[in-house]
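Colleague: With the sequence up front, the predicted model follows.
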Amino acid sequence: MKGIIFTEFLELVEQEFGLEVLDKVLDLSDDEGIYTSVGSYDHKDLVKLIVNLSKTTDVPPDQLQEVFGETVFKNLLATLPSNATLKDCAHCFEFVRHVEEYIHVEVKKLYPDANPPKFEFISESETELVFDYKSARCMAHVCVGLLKGCAKHFNQTIDMTMSPLNEQGSEVRFTVTAT
């Protein structure tokens, strides 16, 4: 997993919970918290940080992943070049498609060893998008946060359901409905 995910997570923890909580989470995780944005790290270290943040704050891990996903969306949007086709998206569904078709492709070009989640689109209408999230990292709740952040950005209201496609949680079907 790319270090930028770790650095953004640590920044979020410090911003939302304070430096004292961040230090406690790092201690509980036996983690020095030293990451570079371009480095590659084991995703299990991020999971350990999330679990220990949950223990420290009494906020469920899934909820923490969702908040993180919303933050990642805002940061992703802010870092897009002004000429990126993603900036021309008119609604949430269009942006989600571009994440798979543009961002994940570009990530793989920049970092050939990167393994971003995969979105396999099943169906799409003006009001409903169905896709499968596939990732060995089993962090579908980060995707929920990304979707929520995306909907807020486009001033849309969405409902979503998640249906696990396997026991591990590495494959999840999302049904997103614009209301």
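Modeller: Yes, it's here. Numbering: from 1, shown residues only.

Colleague: Can you give me the buried ones in the helix or strand bottoming out on mean pLDDT in the chain?
Modeller: Sorted by mean pLDDT, DSSP states H and E, the helices and strands of the chain end with helix 104-110, the least confident at a mean of 77. For helix 104-110, the neighbour count (16 or more other C-beta atoms under 10 Å) marks residue 104 as buried. In short, each C-beta sits where N, CA and C put it, glycine included.

Colleague: go on, stretch 26-33?
Modeller: Those would be 26, 29, 31, 33, for stretch 26-33 by 16+ other C-beta under 10 Å.

Colleague: picking that back up, next helix or strand past the least confident helix or strand of the chain?
Modeller: The helix or strand immediately downstream of helix 104-110 is strand 118-124, counting by DSSP states H and E.

Colleague: Contacts for that following strand next, please.
Modeller: 93, 96-97, 99-100, 104, 129-135, 173 (C-beta atoms under 8 Å, 6 or more residues apart in numbering).

Colleague: For it, the averaged confidence score.
Modeller: Confidence for strand 118-124, expressed as mean pLDDT, is 95.

Colleague: Name every strand pairing with it and say which way it goes.
Modeller: Using DSSP bridges, the strands paired with strand 118-124 are strand 128-134 (antiparallel).

Colleague: if we can go back for a sec, show me which of the contacts of strand 118-124 are buried.
Modeller: Buried among the contacts of strand 118-124 by 16+ other C-beta under 10 Å: 93, 96-97, 99-100, 104, 129-131, 133, 135, 173.

Colleague: give me the low-pLDDT residue ranges for this structure?
Modeller: 80-87 (pLDDT under 70).

Colleague: on that earlier part again, output the buried ones among the contacts of strand 118-124 in TSV; the columns should cover distance to residue 37.
Modeller: Formatted as TSV, those follow (distance: C-beta to C-beta, whole Å):
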residue	distance to residue 37
93	29
96	24
97	26
99	19
100	22
104	18
129	30
130	33
131	28
133	24
135	20
173	32
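
Colleague: This completes my enquiry, with thanks.
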